[in-house]
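Trainee: Turn this into a structure:
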Amino acid sequence: MLVIQLMCVSLLCGHVISSASGRHSLWALASYISGSTMFPEFTVVLMLDDIQVAYFDSEVDGIRRTAATEVEVDLLQDKVFVLRDMWKSMRKRMNLAKLHLNLTTGVHVLQRLAGCEVMDGQPVLIMNNAVNGQDVDGVMFNMTHFALFRRPNWVIHWDDMEWAFIQTLYSNIYLPACAQTLKILLNREKRLVMRRVRPHVHFLMKQVVGGAQLTCLATDFYPRHINLTLLRNGRAIDEEQLTGGAVLPNGNGLYQVRKTLTVSVEELKLKHNYTCVASHLSLDNRLQVSWRAEFSRSHKIPIISVPASVALTAGLLVVLLWWRRRRSKGIAMETQEQQVEPEL
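Mentor: Numbering: from 1, shown residues only. Prediction:
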């Protein structure tokens, strides 16, 4: 259960704005664990858009660079105080949540997505908290507006003095520190953030009982935003008929996405023309790959009824037993002939 909750941090990446939208962002994906585990009590992954740039945990108490980036760690060390403050804040919030939600024994996880993005030339600070995978509260702040979101009857309430202190803290420390770090990282990591890698698009066909599965695969592209559409005879296929569609990391800093359509034997006989269309920032025009159903024996998938399959299996067993019995008799006769001594 703990591993699943820790993996939920990666799902928060869906909020991260990539360079495909023309906006850039810096995020801290933090986890605080209450209870005995093999993991550090507090961990943070720093992300520039969708690129992991640094890592911090409570055991090392320092920022480490990830393999995906060339940023100098010294540039980030003066911001360690923000992460330490986040550590203390999440410890306090977890203790309050345990009391409010009656969380006693066992392992419990508080997750936080905190960071800033530049929208219309202005930095905006965003923070969301979740306890054991359920959202509890969040904050959105720019230089002119401060909004607080929280679940009904949530334990944390601020009086006027605390509210004024929080707004001062966010406007004078957190937001400027995040915006400055974002600017530095964008300058240093421009090569990674602004790169454009063309997708490779393929059509895959797999025979299944009752027809075939057609899969449109786009892989090894960056940035992660892509539009993938399947056409039948030039007309877009309804998304409800397709499976897949989630953009996933490839492990090499690039991404992949696939969509699958199940086609019946009857539809294969009609020999429709299927087209996979990809639209991406790296492409001047749409990339298209087509596949046409050629109904032949290779597409015909025999379907054997249950009684027929049982009879066929029984017949094969009878033949196998008969063959083994005959073979054993032949071996026995050869042995007897070898034991007979010739008469003198």
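
Trainee: how far away is the closest residue to residue 166 other than its chain neighbours from residue 48?
Mentor: For residue 166, ignoring the flanking residues on the chain, the nearest one in space by Cβ to Cβ, 6 or more residues apart in numbering is residue 158 at 6.4 Å. (C-beta placed from N, C-alpha, C; glycine too.) Here the criterion is Cβ to Cβ, to the nearest Å. By it, residue 158 lies 31 Å from residue 48.

Trainee: With residue 79 instead?
Mentor: For residue 79, the distance to residue 48 - Cβ to Cβ - is 13 Å.

Trainee: Looking at the two, which is more packed in?
Mentor: Legend: neighbour count by other Cβ atoms under 10 Å for residue 79 and residue 48, higher for residue 48 (27 against 19).

Trainee: May I have the beta-bridge partners of the more buried one?
Mentor: Here residue 48 sits in beta bridges with residue 26, residue 51, going by DSSP bridges.

Trainee: Make sure I have this right: residue 251 is in a strand.
Mentor: No. Residue 251 is assigned coil when assessed by DSSP: H, G, I helix; E, B strand; the rest coil, not a strand.

Trainee: Which residue ranges make up the domains of the chain?
Mentor: 2-193, 200-292 (automatic domain parsing).

Trainee: what pLDDT, on average, does the last one get?
Mentor: Over the span of domain 200-292, the pLDDT mean works out to 90.

Trainee: Now the terminal residues of it, how far apart.
Mentor: End-to-end distance of domain 200-292 (Cα to Cα, to the nearest Å): 19 Å.

Trainee: Do you have the helices of the stretch 51-200 of the chain handy? List them.
Mentor: Secondary structure of the stretch 51-200 of the chain (DSSP state H, counting those that start in this stretch): helices at 74-77, 80-100, 160-169, 175-188, 190-193.

Trainee: so the second one versus helix 175-188, what angle?
Mentor: Computed with axes from the mean of the first three to the mean of the last three Cα atoms, to 10 degrees, the direction of helix 80-100 lies at 130 degrees from that of helix 175-188.

Trainee: tell me what helix 80-100 is packed against?
Mentor: strand 25-34, strand 42-48, strand 108-119, strand 122-131 (3 or more Cβ pairs under 8 Å, 6 or more residues apart in numbering; DSSP states H and E).

Trainee: same thing but 10 Å
Mentor: strand 25-34, strand 42-48, strand 51-57, strand 108-119, strand 122-131, strand 134-141, helix 175-188 (3 or more Cβ pairs under 10 Å, 6 or more residues apart in numbering; DSSP states H and E).

Trainee: What of the last one?
Mentor: Other helices and strands packing on helix 190-193, by 3+ Cβ pairs under 10 Å, 6+ apart, are strand 51-57, helix 175-188.

Trainee: With just CA atoms, put that helix into CSV.
Mentor: Taking Å, rounded to 0.1, in the frame of the first residue of the first chain, the C-alpha atoms of helix 190-193 are listed here in CSV:
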residue,chain,number,x,y,z
LYS,A,190,17.3,25.6,-22.4
ARG,A,191,18.7,22.8,-24.6
LEU,A,192,16.6,20.2,-22.8
VAL,A,193,13.4,22.2,-22.4
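
Trainee: what about the closest residue to residue 58 other than its chain neighbours, how many neighbours?
Mentor: Counting by Cβ to Cβ, 6+ apart, residue 58 lies nearest to residue 42, which is 4.0 Å off, once chain neighbours are set aside. By other Cβ under 10 Å, the residues close to residue 42 number 22.

Trainee: cool, and residue 171?
Mentor: Residue 171: 16 neighbours (other Cβ under 10 Å).

Trainee: Return the residues in contact with it.
Mentor: 125, 141, 142, 143, 144, 146 (Cβ atoms under 10 Å, 6 or more residues apart in numbering).

Trainee: hang on, the earlier thing: with distance to residue 314 added, can I get the domains of the chain in a markdown table?
Mentor: Listed next are the domains of the chain as a markdown table, based on distance: least, Cβ to Cβ, whole Å:
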| stretch | distance to residue 314 |
| --- | --- |
| domain 2-193 | 47 |
| domain 200-292 | 22 |
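
Trainee: Out of those, flag the one nearest residue 322.
Mentor: For the domains of the chain, proximity to residue 322 was assessed by Cβ to Cβ; domain 200-292 is nearest, at 31.9 Å.
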